[in-house]
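**Student:** This is a predicted model, with the sequence first.
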Amino acid sequence: MSKTDNTTPTSAADALPDRLSTDPRSPYFNADILSRDIGIRFKGIEKTNVEEYCVSEGWIRVAAGKALDRYGQPLTIKLTGTVEPYFRDKA
């Protein structure tokens, strides 16, 4: 049983959530996961400017140029397609 207990947290730690955001005000923000190096492949192309993603709904949010909203946060646009998050630091 101890072997099962040891493998379960490891596999859970290596699993990325269905939805993740880089904005600390978002309910989908997770600092522990974001501290690792995460890559996002969108429609087969690696994206480095993703603000938020959702795998099940198939979308990402990226900054729309240098435009800011009235609170000083970057304006984002939603792009739809196949989303594949992964850990870059995984050996």
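**Tutor:** Great, that's in hand.
**Student:** Could you list the paired strands of the longest strand anywhere in the chain along with their orientation?
**Tutor:** Counting residues, the longest strand in the chain under DSSP state E turns out to be strand 59-68. Strand 59-68 has the following strand partners under DSSP bridges: strand 50-54 (antiparallel), strand 74-80 (antiparallel).
**Student:** Can you mark which positions in that strand are buried?
**Tutor:** 59, 60, 61, 62 (16 or more other CB atoms under 10 Å). In short, each C-beta sits where N, CA and C put it, glycine included.
**Student:** What of stretch 20-33?
**Tutor:** Applying 16+ other CB under 10 Å to stretch 20-33 flags 20, 21 as buried.
**Student:** Ok, stretch 37-48 next?
**Tutor:** Buried residues in stretch 37-48, defined by neighbour count with 16+ other CB under 10 Å: 38, 40, 42.
**Student:** so how far is residue 76 from the closest residue to residue 28 other than its chain neighbours?
**Tutor:** Leaving aside its sequence neighbours, residue 28 sits nearest to residue 21 (CB to CB, 6 or more residues apart in numbering; 4.2 Å). Distance, residue 21 to residue 76, by CB to CB, to the nearest Å: 10 Å.
**Student:** Quick one: mean pLDDT for the helix or strand where residue 84 lies?
**Tutor:** Element membership for residue 84, per DSSP states H and E: strand 83-87. Regarding strand 83-87, the rounded mean pLDDT is 94.
**Student:** how far out from the middle of the chain is that strand?
**Tutor:** Distance of strand 83-87 from the chain centroid (CA atoms, centre = their mean, to the nearest Å) equals 7 Å.
**Student:** So which helix or strand of the chain has the lowest pLDDT on average?
**Tutor:** Of all helical and strand segments in the chain, the minimum by mean pLDDT, DSSP states H and E falls on helix 2-13, at a mean of 45.
**Student:** helices and strands around the helix or strand following that helix, which ones?
**Tutor:** Using DSSP H and E, the helix or strand that directly follows helix 2-13 along the chain is strand 19-21. For strand 19-21, the elements it packs on are strand 50-54, judged by 3 or more CB pairs under 8 Å, 6 or more residues apart in numbering; DSSP states H and E.
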